[in-house]
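Visitor: Next comes the sequence, and after it the predicted model I'd like to discuss.
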Protein chains: 2
Amino acid sequence: MTNSGVPAPVAKRQIVVASNRGPVAFVRDPDGQVVARRGGGGLVSALSGALQASGGLWIASAMSPEDRERAGGVHLDPAMGAAGHDLRYLSFDPRMYDRFYNGISNRVLWFVHHALWDLPRMPRWDRATDRAWASYRRVNEEFAEALAEEDAPTKAEPAYLVQDYHLSLVPALLRARRPNARIAHFSHIPFADPEAFRTLPAAMRIELLSGLLGADVVGFHSERWAENFMRCCHDLPGATVNLRDRSVRWHGRRVLVRLYPISVDPAALKEQAASEEVAAAERRIGRWLGGARLVLRVDRTDLSKNILRGFLAFEGFLLRNRRWRGRAKHLALLNPSRESVPEYRGYVKDCLRTAERINAELGDERWQPIRVQVQDDYSSALAGFGIYDVLLVNPVRDGMNLVAKEGAVLNTRDGVVVLSENAGAYPELRPHVLAVNPFDVGATAEAIATVLDMDADERRRRAGGTREAVVRNRLEDWVPSQLADLEMVTHDR
Amino acid sequence: MTNSGVPAPVAKRQIVVASNRGPVAFVRDPDGQVVARRGGGGLVSALSGALQASGGLWIASAMSPEDRERAGGVHLDPAMGAAGHDLRYLSFDPRMYDRFYNGISNRVLWFVHHALWDLPRMPRWDRATDRAWASYRRVNEEFAEALAEEDAPTKAEPAYLVQDYHLSLVPALLRARRPNARIAHFSHIPFADPEAFRTLPAAMRIELLSGLLGADVVGFHSERWAENFMRCCHDLPGATVNLRDRSVRWHGRRVLVRLYPISVDPAALKEQAASEEVAAAERRIGRWLGGARLVLRVDRTDLSKNILRGFLAFEGFLLRNRRWRGRAKHLALLNPSRESVPEYRGYVKDCLRTAERINAELGDERWQPIRVQVQDDYSSALAGFGIYDVLLVNPVRDGMNLVAKEGAVLNTRDGVVVLSENAGAYPELRPHVLAVNPFDVGATAEAIATVLDMDADERRRRAGGTREAVVRNRLEDWVPSQLADLEMVTHDR
């Protein structure tokens, strides 16, 4: 899936990472002391590890007032939990940042790439869109400006790793300032197909595509998103797409479109899962379960995660499999997300109401089939991963989905993943999971029953297969394979 | 856009048309007499004209109790307003028909091909879907059965023209019964792109594609829908797609994918528009206008027609162009449609509420900016076509859209069409209309202002250009060009 080789120059070249959210957030603890809190997830590990090796720099948006105080730049001490590398925060006018982050990134780009709009009603482009887009462009420009400073004549030529849909315009804006820069962009989310992409105003479409094509390497988690991107480029005047060798000719350069499906760090996960908090959470969940089988969901409260259909599928499973009533429970650990977006608030309300209805209709005093917890509680998530029988991962669309991978690594009960075909993780885990069309509530209900009725051998085989597929894809290779492609395509420059 | 030539054998071969809705509906008039009422629109004219020439047969679903009484078959007298050809109604169990028509055709296929779902919530496949799909297949089988009877050894080999998304499975089901049949299928609506198509259950997807590929010629109004169809076929095991010559190799046959953008019958339209009812409607509209400029919309109350954003665009136009307040009015003539579908009822309610709000906020006692009429009133539509200054045709997605063409033919005031880029009519009319991204409320508002402020020369040029483009594409050629392609591709059989 990725090109290997050319590792020699990679370690020598300085890496500069740009992302909206930085690897640590500075916050004030209850005593008023400013403390650095490390961001979770494999991405930070992968990028920090590479930065530590190269002695690089991470540029990010200041999110908290405490971040903003440090906007000048700091060196992160490895003892702080982050790798030893520099970190620079860019501080933006709060209203401009809101239009960049909520106005465009979360409410336009996230929606279009995940196909979340109710198209007869939304979106509605108007002058507010133009203003928000100008702010998005402005934030991207400030990132490009800051990045360009790292490629001054006095410094070594760095490799730029630009992260995600917040910074879609950065590659072209940086290239305009440093024509010979080595730039990779990686999208952690899906990419819209051409029909959905046409929903956007024409000028925005052109800027987004030419923004990304400013990079030398455009990376995605999965072939589907890469293909969608290339098909969208088909409609871009001046771009020549070669679907076969996955490249786009643009402004005289060859832009590689490549797949780098990210993985998780099994050792780090196991270490986290070994904590006392997680053990306590496991005991809590165990008491609630009371011997019932556990159907688990761990998600942000996102429109794309398909929580509602998940509840309906569990209901359908109970309706059609009376023998499982009282003997299976569904735990939904939901991390609150984007509560300022009206569509999200309405969706969470509908999810909670549906769970209540199902509990009222099917439950009794001793057995409530669904428990929903809306709170940031990673300890319970890790505890749940250890003991699920079924892990329900049914997103409408998902760039990758690391819940499926984290769960598979930590599970100790031969639990099986029910996985959406529309998750970026699907091609990797396909032989081992039970695949579902996420819109198919009936088939999802059936998949839950299939897993719970599955014989021990098959469960063990599937759980082991999923775990091995995850472990085989090493997180440590994720950055180096991008750097290798970047060296390769810029070799003749 | 279409292949010409090979006309000689065409007239000789009997034509058999299959469509859900027939060319006439038998209904009981107020006196209790059964009368035949001819269906409107260019499609009936085009097909009836061809049938009359070939002496063929039209097979359709019985829709009314009176239709059902005639399920045996009748010969339509040209004097009845229909061309002289045979007509056979197929009568179905009402519950089965409801699942075929509302359950699948209108609530699944119409939605997927027009991208109308709010995907985080709908659709939800379950056992009811399976039952509805079985009914859809059954109705398609009965059509195929009836069509196969027309290709008996004692008869001449006919050319089958199967119409629209209701009968997607008929080509393959007919081919299974008559392997050498000459079959063309035509979709009057868009075709979903591959990402949207994947929303459907896998089995349904395979049946739909292989159903259509049972034909020798698969026709669409516009290149975009043809391409989407071919890209969906890419994912069908066993199908080999050739995008360049627009064909699909399937089961040893070459299936042509072709464009036949339908037109309207200018002479017939003008005749209808010359009636006393239309003159009376024109006087009524004129009194209501009171000298104001007319921004007209004529549509079914369909989720795909984008009525809501049309109202918001007219509001935006008035907000930004105070000089037009009191001097422009928006008339929305809406033909009620699919009132049994909850999404449609909610949408119409929202449209009406929005129009009321705009009238309350911007209007006064002498001037109410928007008038909405929800009723089947073709006379008013024809009258409106004659006198609009702006014809707003902004569908979210539309197979063709004949309103734009009918309006252009009948307008006498150099009115200009504001046309959605997502209408099948767009490529034909593009040089003459003002194009809008239908999601761009701001740009639509601007387009209305641009037309109303346009100088007389440009208006005349655009109105004339649109009219000529419509007239140039002759409705009479629509069936013959399909028949010619059908002869060509089946020539060696």
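Guide: Received, thanks.
Visitor: Now do the helices in the stretch 201-350 of chain A.
Guide: Applying DSSP state H, counting those that start in this stretch to the stretch 201-350 of chain A gives helices spanning A:202-212, A:223-234, A:266-273, A:276-289, A:307-320, A:342-362.
Visitor: now swap in the stretch 1-150 of chain A and tell me
Guide: Going by DSSP H, counting those that start in this stretch, the stretch 1-150 of chain A shows helices at A:8-12, A:42-54, A:65-69, A:94-98, A:110-114, A:127-148.
Visitor: Nearest to chain B among those would be which one?
Guide: Comparison of the helices of the stretch 1-150 of chain A against chain B by CB to the nearest CB identifies helix A:127-148 as nearest, at 5.6 Å. C-beta: built from backbone N, CA, C; applies to glycine.
Visitor: for that closest one, packing partners?
Guide: Contact analysis of helix A:127-148 by 3 or more CB pairs under 8 Å, 6 or more residues apart in numbering or on different chains; DSSP states H and E lists strand A:15-19, strand A:57-61, strand A:85-90, helix A:94-98, helix A:170-177, helix A:202-212, helix B:441-452 as its packing neighbours.
Visitor: lowest-confidence stretch among those?
Guide: Ranked by mean pLDDT, the helices and strands packed on helix A:127-148 bottom out at strand A:85-90, which scores a mean of 90.
Visitor: how about the CA coordinates for it, as CSV?
Guide: The C-alpha atoms that make up strand A:85-90 are tabulated as CSV, following Å, rounded to 0.1, in the frame of the first residue of the first chain:
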residue,chain,number,x,y,z
HIS,A,85,10.7,19.0,19.4
ASP,A,86,9.7,22.6,18.9
LEU,A,87,6.1,23.7,18.9
ARG,A,88,4.8,27.0,17.6
TYR,A,89,1.3,28.2,18.1
LEU,A,90,-0.4,30.6,15.7
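Visitor: Mind listing the strands that strand pairs with, and their directions?
Guide: strand A:57-61 (parallel), strand A:74-76 (antiparallel) (DSSP bridges).
Visitor: Would you mind finding the most buried of the helices of the stretch 201-350 of chain A?
Guide: When the helices of the stretch 201-350 of chain A are scored by mean count of other CB atoms under 10 Å in any protein chain shown, the highest mean neighbour count falls to helix A:307-320 (a mean of 23).
Visitor: which strands and helices sit next to that one?
Guide: Under the contact criterion of 3+ CB pairs under 8 Å, 6+ apart, helix A:307-320 touches strand A:293-300, strand A:328-335, helix A:342-362, strand A:390-393, helix A:441-452.
Visitor: quick one, which of the ones you listed is nearest to residue A:480?
Guide: The closest of the helices and strands packed on helix A:307-320 to residue A:480 is strand A:390-393. By CB to CB, the value is 27.8 Å.
Visitor: picking that back up, most tightly packed of the strands paired with strand A:85-90?
Guide: Compared across the strands paired with strand A:85-90, strand A:57-61 shows the largest average neighbour count, a mean of 24 (mean count of other CB under 10 Å).
Visitor: Distance to residue B:432 added to the helices and strands packed on helix A:307-320, as JSON lines?
Guide: Listed next are those as JSON lines, based on distance: least, CB to CB, whole Å:
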{"stretch": "strand A:293-300", "distance to residue B:432": "48"}
{"stretch": "strand A:328-335", "distance to residue B:432": "52"}
{"stretch": "helix A:342-362", "distance to residue B:432": "38"}
{"stretch": "strand A:390-393", "distance to residue B:432": "51"}
{"stretch": "helix A:441-452", "distance to residue B:432": "47"}
